[in-house]
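what's the 3D shape of this:
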Amino acid sequence: MDLQNKFLASVDKLFERKQFKSLKELLSTMEPADIAEILAEKAATERAFLFRLLPKDLAIEVFEFMEGTEREELLANFTDLEVASIIEEMSDDDRTALFDELPAKTVKKLLAHLSPEERKLANALLNYPADSAGRIMTPEFIDLKEGMTVARALERIRATAAKKETIYTSFVVSPERRLKGTVHLEDLILAAPETPLTDVMDGQPVFVTTATDQEEAAKTMSRYDLQTIPVVDKEERLVGILTFDDILDVIQEEATEDFERMAGIQPVEENYLEAGVVTLARKRLTWLLVCIVTQLFSSFILQSYTFALESAVALAFFIPMLIGTGGNTGTQAATLVIRGFTLGEIIKTDIHKVLSKEILSGLLLGGSLAVLASVRAWMMGTGAGIAITVAISVVGVVMLGTIVGAMLPFAAKKLKIDPAVMSGPFLTTVVDIIGLLLYFEVARRVLHLG
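Next up, the predicted model:
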């Protein structure tokens, strides 16, 4: 961060003094990601001027690191020739991501600037389903014929490597372009030149299809510890690859969406500071409305047990504690189960294992908290009856929270929706309502009320 601030100060100083040659030399020594962050701080016209100082190859890399709004403003300040140059040279997966962010009318205009070959590739990627492996893959990979020798394979790698996404893993295909295997550069270098390629390749490669969800593709790469994974079509013909940088973007995007849904927020596509106030409010309002409607049940429960509160006012002292404890334990259980689903540690058929584990955890946690809560009630002078009521209710509410929190993600899976939706405000509201009902029923029976 200190180094970036120094670069930013140097850029500002050279720009003010109009020392553009020195400024160009400085920018050429910097990392693309750092330049992108510096440009993000500039006004649109100054950003466009600084971008034009960059060498072409560096400019393309910087453009790929920039965010949606900044890229749109840059494109708006460029001539058609400059736009064509940038869009043509971008990697296919990054260009697809850019097109996904732009209005359809703008995308149509940009597609017109591409060469026929690049336009065909762009259209092919854009026609795959959103959030699929096909949408984020790149068709720039090294393909080798299965009849080649190691020497021939190395010759092809040398001839085509400059325009490919990666050279460390190559893909062996049949004449019909069906995926036959993968081979690592290290294995090719260490093998004798006349060794058949089929002798050094992995003949059972891990792959995903173009229709595979991008999150599933990320899990597959993580499970098998891959840096690159091939993408095939319905006929198992190799059409693209995913690399670890593509997957890192997917993991960040999916984790952000899960956090937002767990907090009762609809996913926000824009950066927080770029999103409008109305947009942020709208994304948060839906679940708040659901919660406020469902909380009416809490009011009905309190109204129905007015006689209990009138007979033992001390019962009201512990309502916030019980509600908070139930919601928190439920959220903890839901978080652990959702994490298990996300990492593939838990599958739908594990429901009985999870249920038994959470019941035991609920008993252990509830028992520990019940001792503390009952001691607190006794010290407040509420009497033995209230202390016993609080102790039993704490155990019940904690058990309830862990069971509901663990089971709601399974229900979400059954309904084919994101399990994260079932946590956060929705979970807390459900546990609050049932917890209040449990508390007053225990009080009615222990204290012989009503």
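
Could you name the helices and strands sitting against the lowest-mean-pLDDT helix or strand in the chain?
Least confident helix or strand, the chain: helix 104-113 with a mean of 72, by mean pLDDT, DSSP states H and E. In terms of contacts (3 or more C-beta pairs under 8 Å, 6 or more residues apart in numbering; DSSP states H and E), helix 104-113 is packed against helix 68-77, helix 80-89, helix 92-101, helix 116-126. Placement of C-beta: from N, CA and C, glycine included.

so how far is the longest one from its chain's centroid?
The reference is to helix 116-126. 26 Å (C-alpha atoms, centre = their mean, to the nearest Å).

Mind giving me the packing neighbours of it?
helix 92-101, helix 104-113, helix 133-136.

Please identify the deepest-packed of the ones you listed.
helix 133-136 (a mean of 25; mean count of other C-beta atoms under 10 Å).

The helix or strand just after that helix: partners in the sheet, and parallel or antiparallel?
As assigned by DSSP states H and E, the chain's next helix or strand after helix 133-136 is strand 143-145. Strand 143-145 has its sheet partners listed here by DSSP bridges as strand 169-173 (parallel).

can you pull the buried residues of the strand it pairs with?
Using 16 or more other C-beta atoms under 10 Å as the test for burial, strand 169-173 gives Thr169, Ser170, Phe171, Val172, Val173.

how is this structure carved up into domains?
Each domain of the chain is listed here as a residue range: 2-129, 143-243, 295-446, per automatic domain parsing.

Including distance to Asn271, could those go into JSON lines?
Listed next are the domains of the chain as JSON lines, based on distance: least, C-beta to C-beta, whole Å:
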{"stretch": "domain 2-129", "distance to Asn271": "6"}
{"stretch": "domain 143-243", "distance to Asn271": "20"}
{"stretch": "domain 295-446", "distance to Asn271": "21"}
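
Could you say which of those domains is packed most deeply?
domain 295-446 (a mean of 19).

End to end on that domain, go ahead and measure it.
Domain 295-446 has its terminal residues 26 Å apart, counting by C-alpha to C-alpha, to the nearest Å.

that older thread, of all the domains of the chain, which lies closest to Tyr272?
Tyr272 lies closest to domain 2-129 among the domains of the chain, at 11.8 Å (C-beta to C-beta).

Distance from the closest one to the middle of the chain?
25 Å.

For Leu273, which of the domains of the chain is the nearest?
domain 2-129 (10.0 Å).

got the contact list for the residue nearest to His184 when sequence neighbours are not counted?
Distances taken as C-beta to C-beta, 6 or more residues apart in numbering place Thr169 nearest to His184, at 5.8 Å, with adjacent residues excluded. Each residue near Thr169 by C-beta atoms under 8 Å, 6 or more residues apart in numbering is listed here: Thr182, Val183, His184, Leu185, Gln227, Thr228.

a strand runs through the first one, doesn't it?
Yes - Thr182 forms part of a strand when assessed by DSSP: H, G, I helix; E, B strand; the rest coil.

CA atoms only: put stretch 12-29 into PDB for me.
These are the backbone C-alpha positions of stretch 12-29, laid out as PDB (Å, rounded to 0.1, in the frame of the first residue of the first chain):
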ATOM      1  CA  ASP A  12       0.300  13.100  -9.900                       C
ATOM      2  CA  LYS A  13       3.500  15.100  -9.700                       C
ATOM      3  CA  LEU A  14       4.600  14.200 -13.300                       C
ATOM      4  CA  PHE A  15       1.100  14.900 -14.600                       C
ATOM      5  CA  GLU A  16       1.000  18.400 -13.000                       C
ATOM      6  CA  ARG A  17       4.400  19.200 -14.400                       C
ATOM      7  CA  LYS A  18       3.400  17.900 -17.900                       C
ATOM      8  CA  GLN A  19       6.400  15.600 -17.900                       C
ATOM      9  CA  PHE A  20       4.600  13.000 -20.000                       C
ATOM     10  CA  LYS A  21       7.700  11.200 -21.300                       C
ATOM     11  CA  SER A  22       8.800  10.500 -17.700                       C
ATOM     12  CA  LEU A  23       5.300   9.600 -16.700                       C
ATOM     13  CA  LYS A  24       5.100   7.000 -19.600                       C
ATOM     14  CA  GLU A  25       8.400   5.500 -18.400                       C
ATOM     15  CA  LEU A  26       7.100   5.300 -14.800                       C
ATOM     16  CA  LEU A  27       3.900   3.600 -15.800                       C
ATOM     17  CA  SER A  28       5.700   1.100 -17.900                       C
ATOM     18  CA  THR A  29       7.600  -0.200 -14.800                       C
END
